[in-house]
Structures are given as C-alpha cells and as structure tokens.
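1. what would the 3D arrangement of this be:
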Amino acid sequence: MFSIKRIGLWGRRRKDSDQGAVTSVLAALLAGGVVMGLGAVVIDVGQLYVEREQLQSGADAASMAVALSCIRGDLCTSAAQTTLATTFAGRNAGGDQKAGTQICINNTGCPATWNTAITCPPMFTPPAGQSIGNYVEVRTSTLTSTGGTLLPPTFAGALSGINYKGKQVGTCARVNWGPPVVTKVFALGISLCDWKRMTGNNTNFYSPIGSLLSGLGLYTTIGLNPPTPGADSAIVKSGSTVLLGSVAPSCTTPLNTTVPRGYGWLMYQDLSAPDSNCMMNLAVDDLPRASLLSFTSLTCIPLLQGYAAAGRPILVPIYDKLIPSVSPILSVAPQYHIVGFAPFVPTGYYTLLGGLVKGLTSILSGGLAQGINDVLCITSACITGYFTKLLTPATRPTGFGTGQNFGATVIARTG
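-> Here you go, the predicted model:
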C-alpha cells in the first residue's frame with residue numbers, strides 16, 4: 001500500500017522533472033521562426049485592416065462630398081469631380097494622405113479599368129413610377145507616398161525565406177440623390193415659367209430665414225446665401241393669365257402670352273378640396289384643377305401667411321401647362337400639369353379688396369418694388385416669396401421621385 005507521503009513525494013518528483021520544458025519549447029519555436037512568423041501575421045494583417053478602414057472612410061467622405069457638390073449646382077461630371085474626390089479620400093488616408101481614387105457618376109465617364117476588384121453592393125430596384133435618382137460611386141485603393149500600389153509588410157519582409165512584397169487594399173462607396181417621393185404638398189401651384197424667372201433659370205436660391213421645423217423634415221443645403229432685401233418677387237394669380245391673357249411681370253423675354261405663368265390654388269380632379277392643412281396628394285404628371293371653393297380663402301391663405309411670418313419653406317407643385325376646361329379664352333377650373341415640386345418661402349400676400357390691401361408686409365424688405373407690384377396686384381391677388389434649396393438625408397431608400405429636381409433633394413448612402 002502506498003502512503004500519502006509516498007504519493008506526495010512521487011508527485012513532487014514529477015513536477016520537478018517538468019522544469020525547463022517551457023523554455024526548451026520556446027527556444028525551439030524561436031529557432032524555427034514560428035514565433036517570428038506568427039508576429040508577422042498578426043502585425044501585417046492588422047496593418048491591412050487599418051489600411052482598409054482608412055480607405056473606406058476616404059471613399060465615404062469623397063462620395064458624399066461629390067454628391068453635395070452636384071446638389072449645389074457645380075459641374076457634375078466624373079472628370080470635373082475627380083479632384084474633389086481625391087482630396088477627401090486623401091484626407092482620410094493616414095500619415096501619407098494618399099489614396100488611389102476613381103469615381104463614376106451616373107455610369108458616365110467611368111474608368112475603363114478599375115484599380116480594384118472591390119465593388120459596391122448591387123443597386124436597389126425602385127418601384128414602378130420611381131427612379132434611382134443620380135449617384136456617384138467612389139473606389140479607393142492603396143497608394144503609397146512613393147507611388148506604389150502595394151501596402152508593404154512591416155515585419156514579414158524581414159523574415160528569411162518569405163517573398164511577401166505587400167498587398168493592395170480596395171474599398172467602394174456609393175451615394176444616391178434625387179427628388180423626393182412626394183406624398184403631400186401645399187395646394188399652391190406655381191408656374192415653371194415663374195420658377196425659372198425667380199431662380200435665374202436654376203441659378204439663384206436663398207436659404208430660409210426662419211425655423212425649418214416643418215412637417216417636410218427638410219434641411220437647408222450647405223452654401224446657400226441668406227436672402228437680401230428685394231430677393232423675393234411677386235407672382236400673379238394664374239386665373240388672370242387665363243382670362244385676361246397677359247399679366248406682367250412676364251416670365252419670358254420677349255413677352256410670350258402662350259407660356260403659362262402665375263400661381264393657382266389647387267383642388268383634386270373630382271373638385272374635392274385639400275385637407276384641413278391645405279395639403280394634397282400629388283405626383284408628377286397629375287392634373288389638379290384650379291380651386292373654385294371658398295375653402296382657399298378660409299384655410300389656405302391664413303396658413304400661407306403663417307408660413308410667411310415664420311419664414312418657413314413649403315413644398316409646392318410646379319406646373320408647365322394650364323389646360324382650359326371650357327375654351328382657351330375663358331376657362332372654368334382649368335387643369336394644371338404638374339412637372340415637379342419646389343421648396344418655396346412665402347413672404348407676403350396681396351389682395352385686390354379695397355383697391356389694394358396688403359395682407360402681410362414683405363418680411364425681407366418691408367416693401368417691395370411698390371411702384372410696379374401695387375399696380376399689378378390691383379388686378380390680381382399676388383403672392384411674394386423666393387425659392388430655396390432643401391436637403392434631407394435618408395436611410396435605405398427604395399426609390400426617388402421622377403421629373404426635374406426643383407430644389408428639394410433626398411440624399412442617401414446606398415453602398
């Protein structure tokens with residue numbers, strides 16, 4: 001029989017016999033280069049992950065910068081935007097501030113050969129009646145300060161017998177933007193002709209001067225100037241245009257009485273009124289009618305004056321055709337052909353009651369070009385205001401609106 005003491009001595013002798021084993025194993029691993037090899041893998045693979053994160057940040061920043069530049073109205077071509085994309089990609093590229101950068105806008109001007117096989121996720125398929133909007137794809141790849149395209153090893157290259165020269169890392173980012181898929185808009189149609197006149201044919205926009213906390217969920221685009229006195233302009237009522245022919249100020253030079261102009265309060269095709277907030281559901285190519293109901297004066301005009309007092313933008317339909325329902329000379333409830341939607345900041349409302357009653361003094365100037373506007377607005381109620389550009393971010397969009405973009409833009413990262 002073994003005693004407890006004997007077992008204890010046997011156990012201690014076994015333990016004592018293991019001393020030095022770990023040192024021997026470590027020495028063997030070091031001599032065989034195993035530890036050095038593991039160190040090379042850990043350090044150099046980690047370096048590749050860092051490189052990829054930097055390149056991805058650069059691609060994300062570059063694609064967003066290009067999209068915003070296009071939205072602001074800069075020349076939106078791959079050639080024109082490459083320098084901007086390269087700059088933003090480089091700023092995220094770590095110490096050397098360099099990244100191979102290639103871009104493609106709307107599948108036009110794309111590189112004949114991409115520097116990396118990395119691609120963005122497939123483009124979404126929009127529902128019927130919607131579009132993918134515009135998009136920019138930016139791909140970034142490894143570029144060293146010496147012009148190399150391989151990320152050199154930090155550790156592995158020093159090991160004998162290893163012929164590892166480095167690896168190229170690549171990433172991709174894509175941003176889409178376009179008109180919103182509109183559900184409800186303010187029931188105030190403004191002519192395409194007036195939109196062109198007031199924006200200098202899509203070149204002059206001003207930022208709202210008041211709160212943007214509206215139901216639209218839109219925000220000002222970076223870079224818009226604040227409005228100045230006289231930036232707002234008068235828009236005559238389109239009913240006068242249909243009945244009387246020419247009501248200045250004209251949208252065209254020289255005067256073209258065949259081009260519809262002015263504003264009109266809208267109602268649905270079945271002559272039903274907008275909702276209690278003067279909002280209605282409209283889409284591009286819809287044909288709402290001119291309002292014949294007292295609902296407009298009771299509900300829509302006070303709401304418009306409230307927006308004007310707050311300096312808040314409203315999304316309004318833009319029309320390019322006014323289709324008479326009786327005759328070209330005298331029309332009852334003409335139809336408005338809708339081509340898009342624009343952010344509009346109302347600043348005043350003039351009526352012809354009592355000759356000329358100013359419903360709300362212009363917030364911007366305290367009095368517009370009174371000599372002309374007062375005379376014109378005696379024959380027709382006038383609305384004053386200006387157009388702005390608004391931007392709203394989105395996540396996982398399924399589609400964008402169709403038709404021309406009149407300043408309301410949705411932007412989203414899609415890859």
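2. ignoring the adjacent residues along the chain, who's closest to Gly94?
-> Spatial nearest neighbour of Gly94, excluding adjacent residues (C-beta to C-beta, 6 or more residues apart in numbering): Gln54 at 5.0 Å. Yep, even glycine has a C-beta here, placed from its N, CA and C like the rest.
3. ok, now which ones touch Gln335?
-> Counting by C-beta atoms under 8 Å, 6 or more residues apart in numbering, Gln335 makes contact with Gln269, Leu287, Pro288, Arg289, Ala290, Leu322, Ile323, Ser325.
4. out of those residues, which are inside strands?
-> Arg289, Ala290, Leu322, Ile323 (DSSP state E).
5. which among those residues count as buried?
-> Arg289, Ala290, Leu322 (16 or more other C-beta atoms under 10 Å).
6. identify, from those residues, the entry nearest to Ser131.
-> Distance to Ser131, by C-beta to C-beta, is smallest for Leu322 among those, at 26.3 Å.
7. apart from its chain neighbours, what residue comes closest to that closest one?
-> Pro260 (3.9 Å).
8. so who does that neighbour touch?
-> Ser191, Leu192, Cys193, Ser238, Thr241, Tyr319, Asp320, Lys321, Leu322.
9. which PyMOL command selects the buried ones in these?
-> To isolate the buried members of the contacts of Pro260 in PyMOL, using 16+ other C-beta under 10 Å:
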select buried, resi 191+192+193+238+241+319+320+322
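10. give me the lowest-pLDDT entry from the contacts of Pro260.
-> The lowest pLDDT within these belongs to Thr241, with 39.
11. may I ask which helix or strand of the chain has the lowest mean pLDDT?
-> strand 357-358 (a mean of 42; mean pLDDT, DSSP states H and E).
12. over to the residue nearest to Leu322: give its phi and psi.
-> phi -70, psi 140 (degrees, to the nearest 10).
13. any idea how far Asn202 is from it?
-> 18 Å (C-beta to C-beta, to the nearest Å).
14. swap in Ser131?
-> Taken as C-beta to C-beta, the span from Ser131 to Asn202 is 19 Å.
15. what bits of the stretch 101-250 of the chain have low per-residue confidence?
-> In the predicted model, the stretch 101-250 of the chain carries pLDDT under 70 at residues 149, 151-152, 154-165, 209-222, 239-250.
16. mind redoing it with 80?
-> 144-167, 183, 209-223, 228-230, 234, 236-250 (pLDDT under 80).
17. show me where it has its helices.
-> 192-199, 238-244 (DSSP state H, counting those that start in this stretch).
18. next SSE after the last one?
-> So the one you mean is helix 238-244. strand 263-267 (DSSP states H and E).
19. quick one: residues in contact with that following strand.
-> Contacts with strand 263-267, where a contact means C-beta under 8 Å, 6+ apart, come from 187-191, 194, 235-239, 273-274, 280, 282, 288-293, 295-296, 300, 317, 319, 322, 333-334, 336, 383.
20. which of these fall within strands?
-> Reading strands off the contacts of strand 263-267 with DSSP E, I get 188-191, 235, 280, 289-290, 317, 319, 322, 336, 383.
21. what about stretch 186-198, how long is it end to end?
-> 19 Å (C-alpha to C-alpha, to the nearest Å).
22. so which bits of that stretch are buried?
-> 186-198.
23. how about stretch 123-139?
-> Buried, per 16+ other C-beta under 10 Å, within stretch 123-139: Pro126, Gln130, Ser131, Ile132, Gly133, Asn134, Tyr135, Val136, Glu137, Val138, Arg139.
24. quick one on the thing from earlier: reformat the ones in strands among the contacts of Gln335 into JSON lines and put distance to Pro208 next to each item.
-> As requested, the ones in strands among the contacts of Gln335 are exported to JSON lines (distance: C-beta to C-beta, whole Å):
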{"residue": "Arg289", "distance to Pro208": "30"}
{"residue": "Ala290", "distance to Pro208": "28"}
{"residue": "Leu322", "distance to Pro208": "28"}
{"residue": "Ile323", "distance to Pro208": "32"}
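25. nearest to Tyr307, of the residues you listed?
-> Using C-beta to C-beta, Ala290 comes nearest to Tyr307 of these, at 21.0 Å.
26. now the closest one: how far from Gly264?
-> When Ala290 is compared with Gly264 (using C-beta to C-beta), they lie 5 Å apart.
27. do the same with Val136
-> For Val136, the distance to Gly264 - C-beta to C-beta - is 37 Å.
28. just Gly340 next, same as before
-> 16 Å.
29. counting neighbours, go ahead and name the busier of those two.
-> Comparing Gly340 with Gly264 by other C-beta atoms under 10 Å, the one with more neighbours is Gly264, at 26 against 21.
30. and for the more buried one, nearest residue in space, chain neighbours not counted?
-> Ser238 (4.1 Å).
31. might one say that the one you found is in contact with Leu192?
-> No - applying C-beta atoms under 8 Å as the test, Ser238 and Leu192 come out as separate, 11.7 Å apart.
32. need the buried residues of stretch 186-198 in TSV (columns: distance to Pro122).
-> Below are the buried residues of stretch 186-198 laid out as TSV (distance: C-beta to C-beta, whole Å):
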residue	distance to Pro122
Phe186	37
Ala187	39
Leu188	40
Gly189	38
Ile190	39
Ser191	40
Leu192	36
Cys193	41
Asp194	41
Trp195	36
Lys196	38
Arg197	42
Met198	41
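33. pick out whichever of those residues sits closest to Ala412.
-> Of the buried residues of stretch 186-198, the one sitting nearest to Ala412 (C-beta to C-beta) turns out to be Phe186, at 24.5 Å.
34. wait, that closest one sits on Val316?
-> Yes - Phe186 is in contact with Val316 according to C-beta under 8 Å; the separation is 5.3 Å.
35. surely Arg197 and Ala234 touch.
-> No - Arg197 lies out of contact with Ala234 (C-beta under 8 Å); the separation is 10.7 Å.
36. and the nearest residue to Asn225 once chain neighbours are set aside, how many neighbours?
-> Spatially, and ignoring its direct neighbours in sequence, Asn225 is nearest to Tyr206 (6.0 Å; C-beta to C-beta, 6+ apart). By the measure other C-beta under 10 Å, the count of residues near Tyr206 is 20.
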